[in-house]
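Undergrad: quick one, what's the 3D model for this:
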Amino acid sequence: MPQIDTLLVDHGPGETRVAAISGECVIEVYHHRHDLPSAGALYKGRVGKPLPNANAIFVDIGLERPALMACGPNRPPEGSPVAVRVVQPPRSEKGAKVAPADAAMVKSALEGHTGSAEPPVCLQAAEHPVAFCARVYGGGLKKVIVTPGDPDKKIAGMVGDIRVQTDTGDLFLQYGVDDAIEQALDPIASFAGGGKLIIEPTAALVAVDVDAGPMSAPAANTAAINALAREVRVRGLSGPIIVDLIPAKGRNALVDKFKQAVADDPVRTQVSGLTPEGRLEINRRRSRPSLADIMLDESRSGQSSTDAIAFDALRQCVRTGLSSGSAKVLLRANDAVIAVLRGPMQGALKEAEATLKSPVTLQVTNGARISYIDIVTS
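TA: Below you'll find the model as predicted:
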């Protein structure tokens, strides 16, 4: 995988987007939503009900859905406080998975925590994606480009001596990240030679089929392995990944090829080998939601999720309002988008208004498609 040399940091209301780029190639995209936990966050929660017929309990950590924690037969009493660490963030219709937190980490987090520590409460957020990228890719990073705003100094503090520059434009549009995201949400990924991967995430696993097209089976399998290593990272795929290779000689050698291809992946990726039927079996740690989890609705029909549309609408409100110098911004959108902004995303709306230093007026456009956004300034 090419060395990552640039980070794009687009801070918007309620969400910070980070793209890791090598030359002109987008390698990874992070959507850091300010009110959702990432792997590594520490919480003080409250024990809920046990999972029926399993050594596991639910834990209330203050999110829409309770987290799940495996435990032995000696379960803590229901209602008692418990310190936990997020192992897997929530995704789709599933809550987070948590594990008991290390006592020393909890003590340190409590010392730096301000405000009430009554559960449920977040004691310490997970490592920010910018800090993570700076730590993992710091040796090759040459520049960090950020959108203007209050977080600039915070971002500079995360990246040390790496040069930080500000750009007032739409970073993800200018540097081709929007196009890369659109391609990564397409289940079909073409690769050199005319073949393609068909990538289908399900609730249980990610199924990948290899289509040779005009290529020979051995050549297509080899090209598919190299293409998949990139697709896994740009799409944020995780959990069990099963690749249905084309029956051909030399498939055993592809196991080592894929291990080499993912050797520099910062997310732990286990390559188990071939199943008796010749399918490549992979397991990548679930450290963050995939792009599909973040961007698409739960039906996976290709339709953008209401949350993704609402976050984009707020980014456009801020960008349009600031560039026009307008004191008033009116957002017209589908009723579902307006409902989300008035409900679960009130915090992001208030952040947009604080940046604009004026209220954002919300107006439902009856009969509009879910993706409809219209912004008027005056």
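Undergrad: can you list the domains in the chain?
TA: In terms of domains, the chain is parsed into 6-35+127-179, 42-124, 185-284, 306-377 (source: automatic domain parsing).
Undergrad: any idea of the mean pLDDT for the longest one?
TA: Looking at domain 185-284 alone, the average pLDDT works out to 96.
Undergrad: tally of neighbours for Ile188?
TA: The local packing of Ile188 (other C-beta atoms under 10 Å) involves 11 other residues. C-beta: built from backbone N, CA, C; applies to glycine.
Undergrad: so what's it up against?
TA: By C-beta atoms under 8 Å, 6 or more residues apart in numbering, the residues touching Ile188 are 196-199.
Undergrad: ok, residues contacting the lowest-mean-pLDDT helix or strand in the chain?
TA: Least confident helix or strand, the chain: helix 152-159 with a mean of 85, by mean pLDDT, DSSP states H and E. Taking contacts as C-beta under 8 Å, 6+ apart, the residues outside helix 152-159 that touch it are 7, 9, 11, 128, 130-131, 134, 138, 141, 144, 146, 164, 166.
Undergrad: so can I have CSV of the domains of the chain showing distance to Ser299?
TA: Formatted as CSV, the domains of the chain follow (distance: least, C-beta to C-beta, whole Å):
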stretch, distance to Ser299
domain 6-35+127-179, 19
domain 42-124, 10
domain 185-284, 12
domain 306-377, 12
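Undergrad: for Glu298, find the nearest of those domains.
TA: Smallest distance to Glu298 across the domains of the chain (C-beta to C-beta): 5.7 Å, for domain 42-124.
Undergrad: hey, where'd the helices end up in the stretch 201-350 of the chain?
TA: Ranges of helices in the stretch 201-350 of the chain, per DSSP state H, counting those that start in this stretch, are 217-235, 251-261, 291-295, 306-324, 335-342, 346-356.
Undergrad: the stretch 101-250 of the chain: strands as residue ranges?
TA: Taking DSSP state E, counting those that start in this stretch as the test, the strands found in the stretch 101-250 of the chain are 121-124, 143-146, 163-166, 188-190, 196-201, 206-211, 239-244.
Undergrad: could you tell me how far the fifth one lies from the centre of the chain?
TA: In other words, strand 196-201. Its chain's average C-alpha position is 19 Å from that of strand 196-201, according to C-alpha atoms, centre = their mean, to the nearest Å.
Undergrad: got the end-to-end distance for stretch 184-193?
TA: End-to-end distance of stretch 184-193 (C-alpha to C-alpha, to the nearest Å): 19 Å.
Undergrad: no wait, stretch 328-337
TA: 20 Å.
Undergrad: just stretch 77-97 next, same as before
TA: With C-alpha to C-alpha, one end of stretch 77-97 sits 19 Å from the other.
Undergrad: mind listing what's buried along that stretch?
TA: 82-91, 95-97 (16 or more other C-beta atoms under 10 Å).
Undergrad: stretch 139-150 too?
TA: Buried residues in stretch 139-150, defined by neighbour count with 16+ other C-beta under 10 Å: 141, 144-147, 149.
Undergrad: burial count for Ser326?
TA: 16.
Undergrad: wait, Gln346
TA: The number of residues packed near Gln346 is 12, by other C-beta under 10 Å.
Undergrad: kindly report the same for Ser304.
TA: Neighbour count of Ser304, defined by other C-beta under 10 Å: 15.
Undergrad: that one contacts Arg369, doesn't it?
TA: No. Between Ser304 and Arg369 there is no contact under C-beta atoms under 8 Å: 10.5 Å.
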